[in-house]
Each structure stands twice: as structure tokens, then as C-alpha cells.
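J.: Sequence first, then the predicted structure, then my questions.
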Amino acid sequence: MARRRDFLKSVGAIPVAAMVGPVAGGQSTGREDREYWVSVARRLADPVLSSLAARQLKIRMPVETRPEGAAERARFSHLEAIGRLLAGLAPWLALDLDIGAEGELRRRYASLARHAIDAATDPASPDLLNFSQGSQPLVDAAFLAHALVRAPGELWLNVPAATRANVLSALRSSRRIKPGFNNWLLFSAMVEAFFCQAGEEWDPIRIDYAVRQHEQWYKGDGLYGDGPEFHWDYYNSFVIHPMLVDVLTVISKAARGWDDMRNRAIVRARRYAAIQERLISPEGTFPAIGRSLAYRVGAFQLLGQAALRHELPDGVSPAQVRCALTAVMRRMIEAPGTFDRAGWLTLGFCGHQPAVAETYISTGSLYLCATGLLPLGLPPTDEFWQSAPEEWTARRAWSGKDLPADHALS
């Protein structure tokens with residue numbers, strides 16, 4: 001206990017840097033954009049990681065919900081917050097960047113994240129989180145597993161053996177939850193993919209079933225149904241493409257026979273990334289359609305993942321994506337009311353808009369927006385950050401500039 005207090009005292013309060021660059025995005029340098037993205041990462045991470053590392057998340061975090069969802073969501077919201085936050089920050093925490101101010105920040109937040117994971121899974125912790133009671137914990141066990149897959153060095157191998165044992169026990173307990181016949185199949189698959197990557201016993205049937213069902217649900221032109229039916233929302237980016245690609249990437253390294261499925265998934269994800277880039281308006285807005293709009297910039301997890309993996313589609317440059325995502329981020333993060341006075345996210349799409357949240361959404365759910373930050377896992381020397389500002393497709397189109405035609409994926 002004394003060691004934990006000394007650690008938290010040494011980390012101290014980390015002030016968020018001043019925000020830079022134009023609100024609309026597109027004219028700031030890559031260095032300025034990265035500084036801004038890091039400031040957003042810190043703003044999201046500080047209340048969650050500092051509270052959980054201190055084993056006070058359940059005390060400090062509000063659980064804002066729609067009135068009809070209030071009692072139920074308090075059972076799940078805290079695991080949602082840490083799992084989703086780390087799923088987005090993991091590539092940055094895994095980055096081999098140990099010099100300069102950002103390197104120091106990265107080390108501090110990686111240490112906080114490890115202490116938070118320990119607090120979330122230690123049976124003696126007052127912040128031991130719910131991984132098995134009800135249905136929702138399967139979702140966020142998967143997001144935490146996704147974080148561990150994305151940053152195995154920092155968030156798995158670099159934690160004490162006792163913590164690793166607690167994490168394995170917590171994630172295994174989520175297996176008792178039956179997934180829905182929809183994108184939830186990928187949550188079971190993601191947990192198993194982590195076990196596979198960690199060298200633990202894993203269940204190939206849960207992965208095979210999820211992958212083959214999504215093959216059946218593919219609708220064409222880079223879009224999957226969420227189950228048998230197609231939903232016009234952003235679940236292809238919130239869950240389906242990112243988890244499908246990463247599950248298949250992990251499994252194809254460990255077992256034979258998955259390469260064709262992985263390659264198809266990547267081709268389809270690249271097409272969906274092209275669609276996502278074109279959805280961003282010249283002003284940095286995008287259509288407010290479908291479920292879970294309160295996940296904000298998390299709607300572009302797949303576009304960010306494509307950039308992170310250097311798998312952007314032909315005709316979409318890293319600079320286009322950086323400028324477009326910066327514009328979206330500024331519109332959403334800086335909207336008045338996005339954070340409460342204590343720094344926690346509030347329900348809403350662009351500001352505080354409680355009515356936009358479904359009954360399954362609460363404060364912890366909102367931290368899926370951190371997955372919009374995946375390109376922070378690219379080093380500052382990468383083309384994504386080094387390239388001069390570039391107009392994204394909609395900006396070029398609506399300013400009368402020439403642009404290539406768009407074609408469906410055959």
C-alpha cells in the first residue's frame with residue numbers, strides 16, 4: 001500500500017498542455033497536430049487512470065445514464081472505462097519513445113495503466129471490477145484484451161506475475177457469458193486471441209465461429225451486417241473491422257489456415273477506411289446516424305487503425321487522414337459540455353446531449369472515443385506526422401478541386 005501511494009505521489013498531477021492549431025483542422029503542422037492529440041489522450045486518461053491506479057475509481061467516477069438505465073449500468077461502467085480507454089491508448093503506450101517530453105509522458109501513463117490493470121483485477125482491491133456478472137462484461141473484457149494485444153510489452157509482459165495471473169483469471173471468467181448473435185461474437189474471439197498471443201490455452205472454436213459468421217454476414221463493398229441484418233451505424237468501425245483484423249492477425253501467426261481470411265479482412269477494411277475518410281465533411285463533421293453516437297470520435301477507430309497499420313487505401317494519404325481526424329476531434333472534444341467540472345466525459349455526440357445516449361450507455365462507455373487516437377502509436381518520425389497538411393477528400397470536392405472517382409469493392 002505504501003509503495004502504491006509513493007508511486008502515485010511521484011506521478012503527481014500532470015497538467016494538460018495548451019491546445020494548438022485551428023479549430024477546423026487542416027493547416028496545422030504534423031508536430032502541432034501530434035501535440036494536440038497527446039493533450040486529448042491525457043485529458044481522457046487522467047481521471048480514469050489516476051483514479052483506478054489509486055483504487056478509487058468506484059468512488060470518484062460518476063455514472064451518468066439515461067434514467068431508465070441507471071441502476072443496471074453502475075454494475076458495468078467502470079470496466080467499460082478502463083477497457084475502452086486502454087484499447088485506444090495501447091499503441092501509444094507501446095511506442096518505443098523514451099526521449100523528450102512526450103517520452104516521459106508515455107512512460108508515466110504506461111506505469112499508471114499497469115497499476116490500473118492491477119487494481120481492476122486484484123481480488124483484494126476495492127476496485128476489483130466485474131468481468132462475469134451479467135452480459136456487458138464480455139464486451140469490455142474484450143476491449144481490455146484488445147489493449148493487451150495492441151501493447152503486449154507494456155501492458156502484459158511488463159506487469160508482475162501476480163497481476164498477470166489475476167488478469168488471466170478475470171478474462172477467463174468472461175467465458176461464461178454467452179455472446180449475442182451479432183458483433184458480440186467478436187468479443188469472445190478477441191479474448192481468445194489474447195490468450196493465444198499470451199501463450200495460454202485458447203479456444204479456436206470461438207474464433208472460428210465468429211470469423212465464419214461474419215463471413216456469412218458480409219454485405220459487400222467493405223460493409224458487414226451486425227448479425228444477419230445490416231445496420232446503418234458505425235459498428236463496422238466501433239467493433240467489427242478492428243477486432244476482425246486484429247484477431248486474424250494474431251491467429252494467423254499461431255496456426256495454419258487463416259491467411260486467406262486475414263487477407264480478405266484487410267482488403268475489406270481498407271475499402272471501409274476509404275469510405276470513412278470520405279464521410280468527413282470539409283468542416284470536420286460526419287453524419288449523426290445509427291446507434292452509439294455517444295462514442296464520438298471512436299466512430300473512426302477503423303480509419304485510425306488502417307493508418308496505424310500502414311494499410312490505408314490507395315488514394316488516401318496519411319496526411320489526409322491526420323488532418324481529417326484532427327478536425328473531427330476538435331469539433332467533438334472542444335464542444336462545450338463534453339466534460340464535466342471534474343474532467344469526466346458526459347453523455348453526448350457533440351457536447352452534453354443526454355437524449356442521444358441509449359440505455360446501455362453510461363459514463364464508462366464513452367471512453368471508446370479513445371480508439372480514435374490509435375495513430376498516436378506511430379512514431380513522430382512517421383509520414384503520418386511528418387507530411388505537410390493536406391486536404392481530405394470532402395474538402396477538395398467541395399472547394400471545386402479535381403479528385404479521383406470512387407469505386408465499390410468488387
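T.: Happy to help now that I have it.
J.: now residue 130, nearest residue through space, not along the chain?
T.: residue 137 (5.4 Å; C-beta to C-beta, 6 or more residues apart in numbering). Glycine gets a C-beta too; all of them are placed from N, C-alpha and C.
J.: Report the contact partners of that neighbour.
T.: 76, 79, 130-131, 174, 177 (C-beta atoms under 8 Å, 6 or more residues apart in numbering).
J.: In strands, which of these fall?
T.: Assignment to strands by DSSP state E places none of those there.
J.: ok, so of the residues you listed, who is nearest residue 297?
T.: Top of the list for closeness to residue 297, among the contacts of residue 137 and by C-beta to C-beta, is residue 79 at 21.3 Å.
J.: What distance do you get for that closest one to residue 327?
T.: Counting by C-beta to C-beta, to the nearest Å, the gap from residue 79 to residue 327 is 32 Å.
J.: got it, and residue 109?
T.: Counting by C-beta to C-beta - residue 109 and residue 327 are separated by 25 Å.
J.: Might one say that residue 62 is in contact with residue 344?
T.: Yes: Residue 62 is within contact range of residue 344, at 5.7 Å (criterion: C-beta atoms under 8 Å).
J.: got any residues that touch both of these two?
T.: Common neighbours of residue 62 and residue 344, counting by C-beta under 8 Å, 6+ apart, are residue 363.
J.: Those two: who's more crowded?
T.: Remark: of residue 62 and residue 344, residue 344 carries more neighbours, 22 against 15, as counted by other C-beta atoms under 10 Å.
J.: residues touching that one, list them.
T.: Residue 344 neighbours (C-beta under 8 Å, 6+ apart): 47, 61-62, 363.
J.: could you measure it against residue 85, distance?
T.: Going from residue 344 to residue 85 by C-beta to C-beta gives 12 Å.
J.: Now do the same for the longest helix seen in the chain: mean pLDDT, whole number.
T.: Criterion DSSP state H: the longest helix present in the chain is helix 30-53. In this model, helix 30-53 has a mean pLDDT of 98.
J.: Could you do stretch 311-327 as well?
T.: In this model, stretch 311-327 has a mean pLDDT of 97.
J.: just stretch 230-240 next, same as before
T.: Per-residue scores along stretch 230-240 average to 97.
J.: now do stretch 266-283
T.: 98.
J.: Run through who's touching it.
T.: 24, 218, 221-224, 236-237, 241, 244-245, 286-287, 300, 302-303, 305-306, 311-313, 315-316, 320-321, 324-325, 327-328, 331, 392-395, 398-399, 406, 409.
J.: Just to be sure, which of these are found in helices?
T.: 241, 244-245, 302-303, 305-306, 320-321, 324-325, 327-328, 331, 393-395, 398.
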